[in-house]
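Asker: Next one to model:
(2 chains)
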Amino acid sequence: MVGLGDLERDVMARLWDAGQPLTVRQVHERLSPERDLAYTTVMTVLDRLAKKGVVRQERADRAYRYAPTQTREEMTAALMLEALGATPDGAARDAALVHFVGRVGPEGAAALRAALDRTARGSLP
Amino acid sequence: MTALLLGALGLALSRFVPPALARARWTSREPRAAIVLWQAVTLASVLSAIGVVLAAPEEYVRARGAGPLGAEWILLGALAVAGFIVARLLAALVAVTGGSRRRRARHRMLVDLLDRAEQHGDVEGHLPAGSLRVLDGEVPFAYCLPGRSPRVVVSGGALRALTREELAAVLDHEHAHLRARHDLVLEAFAAVHRAVPRPLRSRTALDAVHLLLEMAADDAARRHHGDQPLRGALATMGGAVAAPPEAAGTGRDAERERLRRLDRLSPGAPRPSRAAGAAMCALAAAVLLLPTVALVLPWLLQARAGWPL
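Answerer: Numbers count the residues shown, from 1 in each chain, chains lettered A, B, ... in the order given. Next comes the predicted model:
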């Protein structure tokens, strides 16, 4: 039995790998080789991801298509910046979000931000 | 007189003791006891502030008479100010814990989606089941998300850059943070920091306690793995993106923290000492108890006679 969390992760992975918006059916097809899933389950998962704000729903040709709101690299870089305490908001550190082994210095944060900007620009249409 | 002495004590505990305590090297002999000492110093400074607010008007009224306003109103005013201080502390605590819970929930949700489960391999070790997450990226890092459903996050870069023993030590370090609920300790200090009026605020206590918590987690990890793997991991993880010593801001602080942690893991460093720990705990108790017995109790006994309620 696979948890809903794993399923959400796998659906996101398919959307990121696809590089283009997918319909529910397309996501279902891409998951089917590994998993025996009901079409409606995939629909539910996509709906949940959309509610979380990580997936965008688009209507095209009378079918809903789903795409990630950020690339995997953008999302990873944003998380790292927050975790490494390099967010401009100092409260992020005060709020005791996480503890680290190894924190990045200013150049490390700058390099991460630069990478983040690059991927952000690259993903624009 | 009580109010003046309490004021001087509060000033010393909030302005002069923290920088000295943060500079002191003996605190790293037994970081957990040092954290208790920081808690005592911080609590005592808060209690002194409340003591001043209560004692000063009472002593004034006793010495000079109440004047046209009436003793009741002056003392009620003092109680109201003391109540305001307590309310401000509680509000800060609610804001800090609520804020970090929201941040953590969102961070956890994203980390779960980005996880590269296929890279977990057998590194999960003795972490709580299902708590390991691996993120893409060559920068070697590791951190934990505390809470009821904790996560330990490492980068793919860390998995590749660290040896097996180093990785085990790092995961144990993070697990120690989770087990000992270091997040609660830090949140309490963050709350006091936030409650202090902005011009008087200082990060000294918060940063010092942060470093001591890292050292405490280091100690938990070195008990199982020895010093060497942790040293190796700290050298690798900081080295990859380390700030030069002259760099300003948080980078330099992080680098200084890393060097102090490396120092105490080096072969010639003084070992953790029970005696140092006991001394620090005794000092912590003294910081809280001595002013209470010497200043607050005599004043309370004296004031009770004139208390209008």
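
Asker: quick one: the strands in chain A?
Answerer: Here chain A has its strands, by DSSP state E, at A:22-23, A:55-60, A:63-68, A:99-101.

Asker: which of those strands sits most buried?
Answerer: Mean neighbour count, computed with mean count of other C-beta atoms under 10 Å in any protein chain shown, is highest for strand A:99-101 among the strands of chain A, reaching a mean of 25. All C-beta atoms are positioned from the backbone trio N, CA, C, and that covers glycine.

Asker: follow-up on the earlier one: reformat the strands of chain A as JSON lines; add mean pLDDT and distance to chain B.
Answerer: Below are those laid out as JSON lines (pLDDT from 0 to 100; distance: least, C-beta to the nearest C-beta, whole Å):
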{"stretch": "strand A:22-23", "mean pLDDT": "92", "distance to chain B": "16"}
{"stretch": "strand A:55-60", "mean pLDDT": "89", "distance to chain B": "10"}
{"stretch": "strand A:63-68", "mean pLDDT": "92", "distance to chain B": "9"}
{"stretch": "strand A:99-101", "mean pLDDT": "48", "distance to chain B": "4"}
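
Asker: residues contacting residue 48?
Answerer: You didn't say which chain, so I picked chain A. A:4, A:8 (C-beta atoms under 8 Å, 6 or more residues apart in numbering or on different chains).

Asker: meant chain B actually
Answerer: Taking C-beta under 8 Å, 6+ apart as the criterion, residue B:48 is in contact with B:6, B:7, B:9, B:10, B:13, B:291.

Asker: From these, pick the one nearest chain A.
Answerer: residue B:13 (20.9 Å; C-beta to the nearest C-beta).

Asker: which SSE is the spatially closest residue to the closest one that is not a sequence neighbour in?
Answerer: What sits nearest to residue B:13 in space, not counting adjacent residues and going by C-beta to C-beta, 6 or more residues apart in numbering or on different chains, is residue B:45, at 3.8 Å. Assigned by DSSP states H and E, residue B:45 falls within helix B:31-64.

Asker: Now do the domain split for chain A, please.
Answerer: If you go by the TED database, the domain ranges for chain A are A:6-68, A:72-121.

Asker: tally of neighbours for the residue nearest to residue B:13?
Answerer: 22 (other C-beta atoms under 10 Å in any protein chain shown).

Asker: Please give me every residue in contact with it.
Answerer: Residue B:45 sits next to B:10, B:13, B:14 when contact means C-beta under 8 Å, 6+ apart.

Asker: So which other helices or strands are in contact with the strand or helix carrying residue B:264?
Answerer: Using DSSP H and E, residue B:264 falls within helix B:250-265. Contacts defined by 3 or more C-beta pairs under 8 Å, 6 or more residues apart in numbering or on different chains; DSSP states H and E place helix B:250-265 against helix A:106-122, helix B:204-225, helix B:227-239.

Asker: What are the buried residues along stretch B:120-138?
Answerer: By neighbour count on 16 or more other C-beta atoms under 10 Å in any protein chain shown, the buried set for stretch B:120-138 is B:123, B:127, B:131, B:132, B:133, B:134, B:135, B:136, B:137.

Asker: Identify all contacting residues around it.
Answerer: A:72-73, A:76-77, A:79-80, B:111-112, B:114-117, B:119, B:150-157, B:159-160, B:167-168, B:171-172, B:174-175, B:178.

Asker: if you look at these, which of them are in helices?
Answerer: A:72-73, A:76-77, A:79-80, B:111-112, B:114, B:156-157, B:159-160, B:167-168, B:171-172, B:174-175, B:178 (DSSP state H).

Asker: any low-confidence regions in chain A?
Answerer: By pLDDT under 70, the weakly predicted segments of chain A are A:1-2, A:84-125.

Asker: please redo it, this time with the cut-off set to 80
Answerer: A:1-3, A:60-61, A:80-125 (pLDDT under 80).

Asker: same thing with chain B?
Answerer: B:64-71, B:122-126, B:138-139, B:238-256, B:303-309.

Asker: Residue A:53 touches residue A:69, doesn't it?
Answerer: Yes - between residue A:53 and residue A:69 there is a contact at 6.5 Å, judged by C-beta atoms under 8 Å.

Asker: Return the distance of the nearest residue to residue B:119 once chain neighbours are set aside relative to chain A.
Answerer: Distance criterion C-beta to C-beta, 6+ apart; nearest residue to residue B:119, sequence neighbours excluded, is residue B:134 at 4.6 Å. Separation of residue B:134 from chain A (C-beta to the nearest C-beta, to the nearest Å) stands at 11 Å.

Asker: hang on, residue B:134 is in a strand, isn't it?
Answerer: Yes - the assignment for residue B:134 by DSSP: H, G, I helix; E, B strand; the rest coil puts it in a strand.

Asker: what's across from it in the sheet?
Answerer: Applying DSSP bridges to residue B:134 gives these bridge partners: residue B:154.

Asker: Report the inter-axis angle for the helix or strand hosting residue B:304 versus helix B:31-64.
Answerer: Per DSSP H and E, residue B:304 falls inside helix B:297-306. Using axes from the mean of the first three to the mean of the last three C-alpha atoms, to 10 degrees, the inter-axis angle of helix B:297-306 relative to helix B:31-64 is 40 degrees.

Asker: What are the contacting residues of helix B:297-306?
Answerer: Taking C-beta under 8 Å, 6+ apart as the rule, helix B:297-306 contacts B:2, B:55, B:58, B:59, B:61, B:62, B:71.

Asker: wait, doesn't the fifth one sit right on residue B:72?
Answerer: No - with contact defined as C-beta under 8 Å, residue B:61 does not count as touching residue B:72 (9.8 Å).

Asker: Have a look at the two and say which one is more surrounded.
Answerer: Between residue B:61 and residue B:72, counted using other C-beta under 10 Å, the more crowded position is residue B:61 (21 against 13).

Asker: If we ignore the residues flanking it in sequence, what's nearest that one?
Answerer: Per C-beta to C-beta, 6+ apart, closest to residue B:61 is residue B:71, 4.9 Å.

Asker: burial measure for that neighbour, as a count.
Answerer: 18.

Asker: likewise residue B:62?
Answerer: For residue B:62, using other C-beta under 10 Å, the count is 14.

Asker: What of residue A:10?
Answerer: That count, for residue A:10 with other C-beta under 10 Å as the rule, works out to 20.

Asker: Closest one of the contacts of helix B:297-306 to residue B:29?
Answerer: residue B:2 (35.7 Å; C-beta to C-beta).
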